[in-house]
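Peer 1: Just the structure for this:
(chains A and B)
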Amino acid sequence: MTDAELGVLGSAAQGMAPSVPRDRDPWPTVALGLSIGTVALVLVGAAVAGLRSSSSGNGFLGAFVATLPLAVVALYVGRYAETRIVDVDGPLDREQRAHLARRVAVAGIVLASMLCTGLAVWASWTGLQDVQSTFFDTHFLWDSLGDSGGVLKGFWLNVQIFMVAQVIVMFWALVIVSVRQLPGKAAAPLRWLAIAYVDVFRGLPAIVTIYLIVFGLPLTNLPVLGNLHVDFWFVHADQLFCLGVFSLVLVYGAYVSEVYRAGIESVHWSQEAAARGLGLSRAQAMRHVVLPQALRRMVPPLMNDFISLQKDTSLLNVGGVLEGFNRARIYAGNSFNLSSVTGVGICFLVVTVPMTRLADYLVKRDRERMHGGQ
Amino acid sequence: MPFLEVRDVLKRFGSNTVLDGVSLDLSEHQVACLIGASGSGKSTLLRCINGLEPFQAGTITVDGRKVVQDDIKLNRLRREVGIVFQSFNLFPHMTVLDNVTLAPMKVRKLSEHDARDRAFQLLDRIGLREKAYEYPDRLSGGQQQRVAIVRALAMQPKLLLLDEITSALDPELVNEVLRMVRELAEEGMTMLVATHEMAFARDCATKVCYLHEGQIIEEGPPEKIFTRPDNVRTAEFLRRTLEAGRL
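Peer 2: Numbering: from 1, shown residues only, chains lettered A, B, ... in the order given. Model (predicted):
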């Protein structure tokens, strides 16, 4: 047959074929067929898998996973069919069919996923048991937390380091940001110093800073820093504790000063202009107009940094601080089991998750307030 | 000697000359309106008078006191010179009352009681007493701008600078603000007003100055400027403004 003949035949066939009117749209039926097919496949597969329960479920796992895309296609075809029917005033049964197709498809997806999960668990049961005994061995977990492992005692040290460091960081960062904001040419060297500090300690990995400070400073004959410790009235802190806090303050002071700076700069300059225009001094404008607005915006990022600080207290183990993680690690080495480390992980979560939630809540509240006005 | 004296003020932002030798006199109880296209330097001139912008040459004298770039002297100057901005710039974290009482308490060292008394008197006058404990967000633009004016008035300034205070307002809110400014003018407040509201300038100003590219190229009483301007550029500007329906 030549091309010309083909063309003629083609056009004749086109002319003869009855065009499908929109109310005879086949999509609802297709969708329903697809969804019922999916569910049937899943059910038959499940039945066979049940009958041959002694054999491995791996083959069926693959089959169920394969039915998932089919079910998703059915779902989308059903939705498409529904949207087409809405603007045609088609017969009601078509709409119902499309709707039913979607519901069946959803049921198919749910069934297939449940079977997948079940089979996956079943197929890897011995592996899961290994997971349990490696990470969640209740005996080792409890034992390490108590006196023999001392993980809880160590974690209390983490909390102490965190609380002391946090307070110092807040003041230290305020000093840094104030120096950075000093006006005038005379203060330029001070500003450069502050910028250099922030750049260096934001750029250095925390663990490197800690290593250098904790091992290095005691080797120097620097006044005060060479032998850092506190013995004042009822406050006693040994050299290791002080060095740990000192290194964390160096690292986090740099971060937090940036948070302060971003907060202050986020207050539009026109606010300061309005305050100065009323005769308020630079300091008064800062105190009564800029800072109150900046503080509100600083709270969420500040919370984030403090959560990080809380976690990074565990980095002090490289300097030999006997904090929670270090003790858990020693216990894990002695018991050939990692559950003690899981234990200290849980301790951290107990403290950090509520803080994360609080930070998220504060962000959300802040956003709502901003969109609430005007 | 006039209350406000501006002599040959030159202001540059980098290589861009914004004020190119501006001179202007204003006596007490007079109202001068600065008119001119956007970018002609109206706002910059007001900000220079208030010391919010440094300028490179020339002198500005307010009530016999020179404007110099010295924080302590500027703080003192600003007690006498109030400024109101196009975008209100109320403090969003304070109630209306706190907005109005902040400067009198911190700068004039009024007691909280006295500052509140004065604030309530002023708010009463503009009919916003019941909004005293609201935050600025809850007020309409016109109300916010009137509060901003009251905030400036609470310092009892001798000179009030108004920087296009109706430009950010919806048309139906412009009148309530202008009415308030008219009342102030009638009470004898000395004001320098940058504005696009020609009808207001015609009715209230004792003097109208036309700024063009950083220079005052024509000034005179409103009836003269608006009817028979000498300068072709002034005439052109007014004709275009008239076409835009702003007169």
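
Peer 1: Sketch out the low-pLDDT regions of the stretch 251-374 of chain A for me.
Peer 2: Scanning the stretch 251-374 of chain A for pLDDT under 70 picks out A:366-367, A:369-374.

Peer 1: how about 80 then?
Peer 2: Scanning the stretch 251-374 of chain A for pLDDT under 80 picks out the ranges A:363, A:366-374.

Peer 1: how close does A:Met183 get to B:Ile83?
Peer 2: One thing to correct before we go on: residue A:183 is Pro, not Met. For A:Pro183, the distance to B:Ile83 equals 21 Å [C-beta to C-beta, to the nearest Å]. (Glycine included, C-beta is placed from N, CA and C.)

Peer 1: Those two: which has the busier surroundings?
Peer 2: The neighbour comparison of A:Pro183 against B:Ile83 (other C-beta atoms under 10 Å in any protein chain shown) goes to B:Ile83, with 26 against 9.

Peer 1: Could you pull up the residues touching that one?
Peer 2: Counting by C-beta atoms under 8 Å, 6 or more residues apart in numbering or on different chains, B:Ile83 touches A:Gly277, B:Leu46, B:Arg47, B:Asn50, B:Leu52, B:Ala152, B:Leu160, B:Leu161, B:Leu162, B:Asp163.

Peer 1: Local confidence estimate at it?
Peer 2: Looking at B:Ile83, its pLDDT is 94.

Peer 1: Go over the secondary structure and confirm it is in a strand.
Peer 2: Yes: if the criterion is DSSP: H, G, I helix; E, B strand; the rest coil, then B:Ile83 is within a strand.

Peer 1: Which residues of chain A lie near chain B?
Peer 2: With the criterion set to C-beta under 8 Å from any C-beta of the partner chain, chain A comes near chain B through A:270-271, A:273-282, A:284, A:288-289, A:292-293, A:296, A:372-374.

Peer 1: Going through those residues, which ones are buried?
Peer 2: Restricting the residues of chain A next to chain B to buried positions leaves A:271, A:273-281, A:284, A:288-289, A:293, A:296, with burial counted as 16 or more other C-beta atoms under 10 Å in any protein chain shown.

Peer 1: Just want the phi and psi numbers for the residue nearest the centre of chain B.
Peer 2: Nearest to the mean C-alpha position of chain B, by C-alpha atoms, centre = their mean, lies B:Leu162 at 1.4 Å. With angles defined as degrees, to the nearest 10, B:Leu162 sits at phi -110, psi 120.

Peer 1: Secondary structure element holding the residue lying closest to it once chain neighbours are set aside?
Peer 2: Once flanking residues are discounted, B:Leu162 sits nearest to B:Val193: 4.5 Å by C-beta to C-beta, 6 or more residues apart in numbering or on different chains. Secondary-structure assignment from DSSP states H and E places B:Val193 in strand B:190-194.

Peer 1: about what we covered before: my guess is the residue nearest to B:Leu162 meets B:Leu34, correct?
Peer 2: Yes: between B:Val193 and B:Leu34 there is a contact at 6.8 Å, judged by C-beta atoms under 8 Å.

Peer 1: In the longest helix belonging to chain B, which residues are buried?
Peer 2: For chain B, the longest helix by residue count, based on DSSP state H, is helix B:171-186. Neighbour-count burial for helix B:171-186, with 16+ other C-beta under 10 Å as criterion, is recorded at B:Leu173, B:Val174, B:Glu176, B:Val177, B:Leu178, B:Met180, B:Val181, B:Leu184, B:Ala185.

Peer 1: tell me the secondary structure for whatever residue of the stretch 101-250 of chain A ends up closest to chain B?
Peer 2: With C-beta to the nearest C-beta, the shortest gap between the stretch 101-250 of chain A and chain B falls at A:Pro183, namely 9.2 Å. Three-state call for A:Pro183 (three-state DSSP): coil.

Peer 1: Show me what from chain B comes close to chain A.
Peer 2: Contact residues (C-beta under 8 Å from any C-beta) of chain B with chain A: B:47, B:50, B:52, B:71, B:74-76, B:78-79, B:82-83, B:85, B:87, B:89-93, B:102-103, B:106-107, B:135, B:137-138, B:151-152, B:155.
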